[in-house]
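Participant: got a structure for you, letters missing:
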C-alpha cells in the first residue's frame, strides 16, 4: 500500500532518495570530469583553429596543462591536427666540389649569429612552381632572411642571405646542403667576402641540415594550399605573414615558446647577467 501510494503521487527528491536508499545530496551531483573534458575540448579546438598544425605537445604548452590530459581529451573526442604533407623536392645531382661539415665540429651556439643554416623548398602554384629559400639561426631558431622566386638559380639562396645580412649582420658560419646553388662561385665569393665560413652536409644526409628540414615540414602545413591565392603577390604576402607568425607567435617545441620571444629573453639575460654567489 505504501509503495502504491508513493507511485501515484509525484515523488519528491526526499522520498525518491529514501526509496532508493541513497542520500538526498547525491541526487544533485553531476559528474565533473565529463564537463571539464568538454570545456577543455572547446579550448583545444580554439587553439587548433589558430594553429592548425599543433599536436598535443604544443597544445598543452599553449594552454598550460599537463600533456597527458591534453592527449587524453584529444583522443576522447577524435581531435587531430592538420597533417597533410606534400611530396619532397628532389634536387638534381651535382658533381661539383663542396665544403666540409663544420657545423658538427662546433659546440652548440650560445648566442645568435654564430651559426646559420640555409635551404630552399618548392611550392606548387597554379600549374607552376615557386621556390622559397630561408636562413635560420641555430641558436634561437628564428628565420633571419628569406627569398621567393620562380626559379632555383643561385639568385634564390643569395637573395635570402643578403636579406638576412642586411637585417641581422653576418654570421660566423653558414651551413647548407650540397646543392649546386650553394656550390656556385658567386655564392661562395659573396659569403667569403663577408668573412663567413661555409659548411655543407654530406651528400645524401639531409639530417645534417635537420633544422631546415623540420622547419619546412611544419611551415607548409601552417601555410596551407598555395593555390587558394590568385596571384603570386598574394602568395608572397601570405608567406611573409606566415614567417612572422613563426618567429613571433608559433610555439617551438624545443624552445617551449616562439623563437622571437626566446631570442628576446636571451638578449635580456645576456645584457643583465644574474650574479652568482661563490
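Facilitator: All right, it came through fine. No experiment lies behind these values; they were computed from the predicted model shown. Numbering: from 1, shown residues only.
Participant: Can you get me a residue count around residue 134?
Facilitator: 27 (other C-beta atoms under 10 Å). All C-beta spots, glycine's among them, are computed from the backbone N, C-alpha and C.
Participant: isn't it right up against residue 160?
Facilitator: Yes. Under the criterion of C-beta atoms under 8 Å, residue 134 makes contact with residue 160 at 6.1 Å.
Participant: So for the longest helix anywhere in the chain, what gets flagged as buried?
Facilitator: Longest helix in the chain by number of residues (criterion: DSSP state H): helix 32-50. Across helix 32-50, burial judged by 16 or more other C-beta atoms under 10 Å covers 37, 40, 44, 47-48.
Participant: now those in JSON lines, with pLDDT and distance to residue 263?
Facilitator: Shown next, in JSON lines, are the buried residues of helix 32-50 (pLDDT from 0 to 100; distance: C-beta to C-beta, whole Å):
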{"residue": "37", "pLDDT": "79", "distance to residue 263": "37"}
{"residue": "40", "pLDDT": "85", "distance to residue 263": "31"}
{"residue": "44", "pLDDT": "85", "distance to residue 263": "28"}
{"residue": "47", "pLDDT": "86", "distance to residue 263": "23"}
{"residue": "48", "pLDDT": "83", "distance to residue 263": "26"}
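Participant: Output those in TSV, with distance to residue 130 appended to each entry.
Facilitator: Listed next are the buried residues of helix 32-50 as TSV, based on distance: C-beta to C-beta, whole Å:
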residue	distance to residue 130
37	43
40	40
44	34
47	30
48	28
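Participant: ok, so of those, who is nearest residue 72?
Facilitator: residue 37 (8.2 Å; C-beta to C-beta).
Participant: pLDDT at the closest residue to the closest one other than its chain neighbours, what is it?
Facilitator: Closest residue to residue 37 apart from its sequence neighbours, by C-beta to C-beta, 6 or more residues apart in numbering: residue 73 at 5.3 Å. pLDDT, residue 73: 83.
Participant: Could you look up the SS state of residue 73?
Facilitator: helix (DSSP: H, G, I helix; E, B strand; the rest coil).
Participant: Quick check, it in contact with residue 42.
Facilitator: No. Using C-beta under 8 Å, residue 73 is not in contact with residue 42; the gap is 10.2 Å.
Participant: Low-confidence ranges, the stretch 51-200 of the chain, go.
Facilitator: For the stretch 51-200 of the chain, the stretches flagged by pLDDT under 70 are 81-97.
Participant: Break down it into its strands, ranges please.
Facilitator: Per DSSP state E, counting those that start in this stretch, the stretch 51-200 of the chain carries strands over the ranges 115-125, 128-137, 143-149, 173-176, 197-200.
Participant: Please produce JSON lines containing those, extended by distance to residue 213.
Facilitator: Putting the strands of the stretch 51-200 of the chain into JSON lines (distance: least, C-beta to C-beta, whole Å) gives the following:
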{"stretch": "strand 115-125", "distance to residue 213": "8"}
{"stretch": "strand 128-137", "distance to residue 213": "11"}
{"stretch": "strand 143-149", "distance to residue 213": "14"}
{"stretch": "strand 173-176", "distance to residue 213": "12"}
{"stretch": "strand 197-200", "distance to residue 213": "15"}
